[in-house]
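> pasting the sequence and the predicted coordinates here, then a few questions.
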Amino acid sequence: MNSILAVCALALVVPTDGNAQSFRFQPQGARAAGQGNAFAAQADDPSAMHYNPAGLTQVEGIQSVWGFNAVGGSVKFTSPTGLESRGDLNGSVSWPPPSNFYLSANLGAMGVSMLSSVTVGVGVTSPFGLNTRYPVDGPFNTAVTSVALPLINIKPTIAYKVNEYLSVGVSADIYTFASFLGEGHVEQRQISAGALGIPAGDSIELNGKGTGAGVTASLLVTPLRNGDRQPILSIGLVYRSQAVVPLNGALLVNGAKVADASTDLVLPQIFTGAVAFWPVRTREREWKVELDVEYVGWSLLRHLDTRLSTGVTIPQPQQLKNVPVIAIGTEYKWLHPHWLPNWEVAVRSGYTRTEDPVPDRTFNPAGISLSSNMLSLGVGFLCQGDGRFLGLIPCSGKSGLWPKGIGLDLAYQEWFYDSKSVVGNLNPTVDGTYHAFVHLGTFSFRYLF
């Protein structure tokens, strides 16, 4: 029984993702996604709450962004004996899709002129976890057949503009689960191997939910500006703290509860440094190039020891390592071009390199923990003034309830994963070679009030 429970405990908090870094999901806005997620030094729309809260001081008036990600892909497994199996992200497109929402307001624009240097906002993102599934008769079905982690992050944020060259920002990170997303809890399913009283072929499920908190603090420095006082060099520094999410749930066999189970999910601390430079920034067009470097502290997730209501604690060492993430992105923007008056049009591209933090010994197929290279492309449209969105909807209205601008941003990312040969895993059925690919389409709608 303990061996089965140990496998369940390991799988409880190692769900899949779309970016090769354990279960972290990086794209949290289409403008950033189109630039390979290199956005922490630009951070000039409400998604700054995720990428660099200090950048929120650049967001004028009241603005909102709503977006979602259409994610697809697969994982191919080949055992040492040549047996093959394939998993997917819970279908051709993962459902429910990872989504995000941001709402920001400059207090000066809301009538509090003495606080015009302060901008506040709230965001809701899906920064960790997706869905994945494997055949119930697959070669490692005693390790995993499906997993889901519908974790969301609620981010109340405040940013303060110290002066023209320096802004600071801070967000609370409240990690929790929502009942309208999937089952509303982390869930792992697998098939019994027939050990210690559980009949072979029985369905085993382990689930849990909880709430944890962390903090994000950041700086945005703009030492160089053009004649219109717009930044032509920006430097972003961001720190995301470790967060611990206590998970409490149950172990089920064929749908019947066997025991209560609990563990602690430790989310990593992340250090980010970013530099953006605008070789061109005029009233007609802008061209930005940005480099972001992250250092992700996965080694803080030392173990996933699982506590059972029977009094038994199952040790689960993780042995994860800290890894860098390097992102390079660019954006070229036409401001009110003569061929499309009342619009701003942007094209974007980017590249991200991520490294694998998970060693062979503790690798789990529930997570696409493979090093990867990612390429991205994106476009953006912002309609203001007398323009009409989709040729029908006025982009600006006199009513305070009608937006003064409507934007649409689209991005596509393709993740090219390095293959990984797992040897000496704690669960021998997991040993073998893994190949994976993930493609992602990101859509964001932006409203300026």
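Yes, it's here. Numbers count the residues shown, from 1 in each chain.
> point out where the stretch 151-300 of the chain drops to low pLDDT.
195-197 (pLDDT under 70).
> quick one, strands of it?
For the stretch 151-300 of the chain, applying DSSP state E, counting those that start in this stretch gives strands covering 151-163, 166-177, 186-191, 203-209, 212-225, 231-240, 243-253, 256-267, 269-281, 285-297.
> mean neighbour count added to those strands, as a markdown table?
C-betas here are computed from N, CA, C, even on glycine. Compiled in a markdown table, these are given as follows (neighbours: other Cβ atoms under 10 Å):
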| stretch | mean neighbour count |
| --- | --- |
| strand 151-163 | 19 |
| strand 166-177 | 20 |
| strand 186-191 | 24 |
| strand 203-209 | 22 |
| strand 212-225 | 19 |
| strand 231-240 | 20 |
| strand 243-253 | 19 |
| strand 256-267 | 19 |
| strand 269-281 | 19 |
| strand 285-297 | 20 |
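> out of those, which is closest to residue 335?
Of all these, strand 285-297 sits nearest to residue 335, with 6.2 Å by Cβ to Cβ.
> residues contacting residue 325?
By Cβ atoms under 8 Å, 6 or more residues apart in numbering, the residues touching residue 325 are 21, 26, 292, 293, 294, 295, 296, 352, 353, 354, 355.
> could you redo the last one with a cut-off of 10 Å?
19-21, 24, 26, 37, 270, 272, 292-296, 352-355 (Cβ atoms under 10 Å, 6 or more residues apart in numbering).
> okay if I get the strands of the stretch 151-300 of the chain as JSON lines plus distance to residue 393?
Listed next are these as JSON lines, based on distance: least, Cβ to Cβ, whole Å:
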{"stretch": "strand 151-163", "distance to residue 393": "29"}
{"stretch": "strand 166-177", "distance to residue 393": "32"}
{"stretch": "strand 186-191", "distance to residue 393": "40"}
{"stretch": "strand 203-209", "distance to residue 393": "40"}
{"stretch": "strand 212-225", "distance to residue 393": "33"}
{"stretch": "strand 231-240", "distance to residue 393": "32"}
{"stretch": "strand 243-253", "distance to residue 393": "40"}
{"stretch": "strand 256-267", "distance to residue 393": "40"}
{"stretch": "strand 269-281", "distance to residue 393": "30"}
{"stretch": "strand 285-297", "distance to residue 393": "26"}
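> which one, of those strands, ends up nearest to residue 410?
That would be strand 285-297 among these, by Cβ to Cβ, at 18.1 Å.
> ok, then the element right after that closest one?
Taking DSSP states H and E as the definition, the helix or strand that follows strand 285-297 towards the C-terminus is strand 306-308.
> give me the helices and strands touching that following strand, please.
Applying 3 or more Cβ pairs under 10 Å, 6 or more residues apart in numbering; DSSP states H and E, one finds that strand 306-308 contacts helix 2-12, strand 243-253, strand 256-267, strand 313-314.
> go again using 6 Å as the cut-off
When contacts are defined as 3 or more Cβ pairs under 6 Å, 6 or more residues apart in numbering; DSSP states H and E, strand 306-308 packs onto strand 256-267.
> give me the sheet partners of the strand it packs on and which way each runs.
Using DSSP bridges, the strands paired with strand 256-267 are strand 243-253 (antiparallel), strand 306-308 (antiparallel).
> avg pLDDT for stretch 26-42?
The pLDDT scores in stretch 26-42 average 95.
> contacts for stretch 252-271, please.
Stretch 252-271 has contacts (Cβ atoms under 6 Å, 6 or more residues apart in numbering) with 12-13, 202-205, 239-251, 294-298, 300-301, 304, 306-310.
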